[in-house]
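[1] A predicted structure for the sequence below; I have some questions about it.
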Amino acid sequence: MASSSPNGLDTPAKQPYREARRSRSSRGDEPADSPSRQLHREFSQLYLDSDRSFLARLDEAAEERAKEHVEALEYSKAQHERVRQTADIARLRFELEHEKERQKREDDERRALERERRELAEQETAERQRQREALERIEAERQRAAEEAKAVAEAEARLRVQQERQAAEKSRREADQAESDRKAREAAEAAERTSREEKPRVVPPPTTMAMTAVSQSAPSQPQLAGASSWASDISHLVSPLAQKEAIHQQYLELHKRLKDFRRWMKGLRVQYPTLKEKMGPHRREMKNQISKLTRVRGANTKPLSAIRAIFQDALNYREGPTIDARLYFVTPLPVASEAEAQVPALLLFLMNSFAKLIFAQFIDEGGTGREVDHVGLCAGQIFAQNEHRFHGVPFTDLLLCKFHVFCPVLFGIYGDPKTDAGKRRIGWRWDSDEGQWVDTKKHSERMTGLGAGFASISLRDFSKAKNFKTFYPNSNYWRALSNIVNTRPRDVTDTHYLVLKSLTERFAAKFIQFYGHAAIVALRKALLEFPKHKKSVASDALGTVVEAIKRDFHITL
């Protein structure tokens with residue numbers, strides 16, 4: 001059997017040697033050959049030795065190359081292992097850094113959330129404090145009015161006792177009574193002549209019976225239109241709907257009085273030439289400046305400064321007439337005497353003009369889908385400024401009466417839009433030029449603009465301002481939302497949905513900022529449950545507000 005090389009194969013160098021051995025073995029013990037044969041064998045052996053040596057060297061070279069290949073493979077394997085280990089280390093380092101970043105991000109988010117919760121809690125506490133103070137003021141006003149009513153009743157009782165005593169004396173002294181009556185008539189006639197000869201500072205503008213009653217009452221007991229609702233003791237048996245209706249009627253009366261006031265002011269332009277020089281130009285300048293208001297931060301400084309300068313000029317104007325400001329407030333006033341209630345008529349005229357211009361701007365910009373928060377900010381800057389208040393009370397009622405006339409659903413008023421009376425009840429505008437109600441599209445634009453405008457004035461925060469105080473508390477936004485959502489299903493109209501959408505579409509974030517989780521609950525009821533009362537295009541549109549809140553604020557209602 002042939003021998004093998006270390007790698008299991010025969011090498012070329014060993015094959016001739018084995019063949020030569022086989023050849024000798026096959027011949028056996030031959031006799032000695034001839035010298036030539038012997039020489040031939042020697043040369044053959046030399047050749048075989050040389051060939052075997054060459055083949056041995058080839059085998060050694062092959063084995064060396066195989067060994068080098070094995071070493072190269074081992075080196076490559078070791079290199080691959082080092083690369084793999086390096087990659088594992090890099091992967092572990094990356095995962096560790098990623099985990100640290102994730103934990104840091106979660107910690108930052110948690111701290112931010114806790115900070116927001118603390119801020120919201122502080123805001124809620126402050127708002128509750130403001131509401132508590134407002135309730136205390138209302139209660140104090142109610143008690144004061146009750147005390148005044150009690151004093152009036154006691155005075156009337158004393159007067160009745162005195163009259164009874166005088167009647168008894170008259171029966172006992174009939175003879176002297178005739179003389180007493182004559183003297184009394186003479187005294188009354190003299191007093192009447194004296195009162196006719198005295199001229200008041202300013203003749204009040206002609207207005208409704210409510211105004212006449214106020215002007216004729218004694219200065220010590222003014223019976224103002226607003227006092228009957230906010231300061232007097234309303235019986236707990238009166239339903240909330242009746243109470244809303246009573247307040248609504250007071251604002252409607254105020255709106256009528258303002259119309260009479262404007263006509264009265266126009267009639268004074270002949271009597272006061274300097275008044276004419278200020279009324280028209282100031283109103284046109286305000287209209288021009290309000291039209292320049294923009295959403296760009298810091299760009300409204302000049303328009304606001306110009307408007308403030310107009311009101312400062314009105315405050316300093318002493319040549320024109322004055323008027324009793326109590327006639328133009330529904331909100332209770334801390335003023336009892338007529339002398340304290342006098343304000344420059346020009347100031348009241350410009351305040352009302354400013355309210356009308358702001359109101360129109362809400363419709364023009366908000367009705368076309370544009371933002372109106374900058375317009376509400378302008379209104380707040382004027383109404384909330386301390387110098388523009390009447391004994392600390394802002395002239396906000398001048399603006400609110402217009403909302404009561406043209407967007408009454410904000411205050412819980414409803415009506416049937418299929419009837420003329422119902423349309424008038426819910427603020428549908430009558431086009432006097434066309435002799436008909438405005439179309440549905442125009443009505444929708446007006447309600448959209450006014451809803452957004454109301455939100456822009458009721459969701460303002462002046463807690464950090466030095467020269468400003470809240471002119472319309474944030475609770476009025478909640479109250480308006482509640483008035484709409486709590487409307488009976490059979491009385492709900494598309495107008496309710498239009499106003500509700502504009503109230504919440506761009507102002508949900510501010511609402512949540514003021515009231516926190518309670519606002520989210522209110523929005524859920526308003527935007528998810530309330531639309532179920534009536535299926536229409538207007539109610540379905542509230543779904544876009546829900547989606548926007550989820551997209552922009554990551555809040556799922």
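    The structure has been received and is ready for your questions. The structure displayed is predicted, hence computed values, not measured ones.

[2] C-alpha from now on. contacts and neighbour counts both.
    Fine.

[3] is it true that residue 290 touches residue 303?
    Yes - judged on Cα atoms under 8 Å, residue 290 makes contact with residue 303 at a distance of 6.9 Å.

[4] Would you confirm that residue 470 belongs to a strand?
    No - Residue 470: not assigned to a strand; according to DSSP: H, G, I helix; E, B strand; the rest coil it is coil.

[5] can you pull the contacts of it?
    384, 460, 461, 462, 463 (Cα atoms under 8 Å, 6 or more residues apart in numbering).

[6] with those residues in mind, which one is nearest to residue 531?
    Using Cα to Cα, residue 460 is the member of the contacts of residue 470 that sits closest to residue 531, with 27.4 Å.

[7] can I assume that closest one sits in a strand?
    No - the assignment for residue 460, made by three-state DSSP, is coil rather than a strand.

[8] quick one, phi/psi of it?
    phi -100, psi 150 (degrees, to the nearest 10).

[9] Test my guess that it contacts residue 474.
    Yes - contact criterion Cα under 8 Å: residue 460 and residue 474 qualify, at 7.0 Å.

[10] looking at the contacts of residue 470, which has the most residues close by?
    Highest neighbour count within the contacts of residue 470: residue 384, with 24 neighbours (other Cα atoms under 10 Å).

[11] mind checking pLDDT for that one?
    Here, the pLDDT recorded for residue 384 equals 91.

[12] what do you get for the one 10 residues further on?
    pLDDT, the model's per-residue confidence, is 93 for residue 394.

[13] swap in residue 537?
    92.

[14] Looks like residue 458 contacts residue 477 (just checking).
    Yes - the criterion here is Cα under 8 Å, and residue 458 meets it with residue 477 at 5.5 Å.

[15] now for whichever helix or strand residue 85 is part of, which elements pack on it?
    Here residue 85 sits within helix 35-172, counting by DSSP states H and E. When contacts are defined as 3 or more Cα pairs under 8 Å, 6 or more residues apart in numbering; DSSP states H and E, helix 35-172 packs onto helix 15-27, helix 508-515.

[16] Compare the mean pLDDT across those and name the weakest.
    For these, where the average pLDDT is lowest is helix 15-27, sitting at a mean of 49.

[17] Output the below-cut-off pLDDT ranges for the stretch 301-450 of the chain.
    336 (pLDDT under 70).

[18] Just give the closest residue to residue 421, not the sequence neighbours.
    residue 415 (7.6 Å; Cα to Cα, 6 or more residues apart in numbering).

[19] again with residue 479
    residue 411 (7.8 Å).

[20] Residue 373 now?
    Nearest to residue 373 is residue 456, by Cα to Cα, 6+ apart, at 5.1 Å.

[21] Relative to residue 511, how far out is the one you found?
    11 Å (Cα to Cα, to the nearest Å).

[22] can you tell me how far residue 314 sits from residue 261?
    Distance, residue 314 to residue 261, using Cα to Cα: 17 Å.

[23] ok, residues contacting stretch 529-537?
    485, 489, 492, 493, 494, 497, 539, 540, 542.

[24] of the residues you listed, buried ones?
    Buried by 16 or more other Cα atoms under 10 Å: 485, 492, 493, 494, 497, 539, 540, 542, out of the contacts of stretch 529-537.

[25] Spit out the contact partners of the third one.
    I take that to be residue 493. Counting by Cα under 8 Å, 6+ apart, residue 493 has contacts 416, 417, 534.

[26] show me where the stretch 151-300 of the chain has strands.
    With DSSP state E, counting those that start in this stretch, there are no strands along the stretch 151-300 of the chain.

[27] that older thread, okay, and which of the contacts of residue 493 map to helices?
    Within the contacts of residue 493, no residue falls in helices by DSSP state H.

[28] Helices of the stretch 201-350 of the chain, start to end?
    209-216, 227-230, 240-267, 273-291, 301-316, 345-361 (DSSP state H, counting those that start in this stretch).

[29] Of all the ones you listed, which one comes closest to residue 43?
    helix 301-316 (121.5 Å).

[30] In that closest one, which residues are buried?
    Per 16+ other Cα under 10 Å, helix 301-316 contains these buried residues: 303, 304, 307, 308, 310, 311, 314, 315.

[31] want to throw these into CSV with distance to residue 370?
    As requested, the buried residues of helix 301-316 are exported to CSV (distance: Cα to Cα, whole Å):
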residue, distance to residue 370
303, 19
304, 20
307, 23
308, 25
310, 28
311, 28
314, 32
315, 34
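
[32] circling back to that earlier point, out of the contacts of stretch 529-537, list just those in strands.
    When those are checked against strands (DSSP state E), there are no matches.

[33] from those, which ones fall inside helices?
    Short answer: the contacts of stretch 529-537 in helices (DSSP H) are 485, 494, 497, 539, 540, 542.

[34] which ones are touching the residue nearest to residue 479?
    Residues in contact with residue 411, defined by Cα under 8 Å, 6+ apart, are 244, 248, 404, 479, 480, 483, 484.

[35] Let me have these in TSV, extended by distance to residue 340 and neighbour count.
    Converted to TSV, these look like this (distance: Cα to Cα, whole Å; neighbours: other Cα atoms under 10 Å):
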residue	distance to residue 340	neighbour count
244	30	15
248	27	19
404	28	23
479	33	14
480	33	23
483	36	19
484	39	23
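
[36] could you dump those to a markdown table with distance to residue 65?
    Compiled in a markdown table, the contacts of residue 411 are given as follows (distance: Cα to Cα, whole Å):
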| residue | distance to residue 65 |
| --- | --- |
| 244 | 106 |
| 248 | 108 |
| 404 | 104 |
| 479 | 95 |
| 480 | 95 |
| 483 | 97 |
| 484 | 95 |
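
[37] of all the residues you listed, which two lie farthest apart?
    Going by Cα to Cα, the pair spanning these furthest: 248 and 484, at 14.9 Å.

[38] Just the buried positions in stretch 404-415, please.
    Within stretch 404-415, judged by 16+ other Cα under 10 Å, the buried ones are 404, 405, 406, 407, 408, 409, 410, 411, 412, 413, 414, 415.

[39] swap in stretch 55-62?
    For stretch 55-62, by 16+ other Cα under 10 Å, it's 55, 56, 59.

[40] One more: stretch 461-481?
    461-462, 468-478, 480-481.

[41] and those residues, which two are the farthest apart?
    468 and 481 (25.8 Å).

[42] Please consider this matter closed, and thank you.
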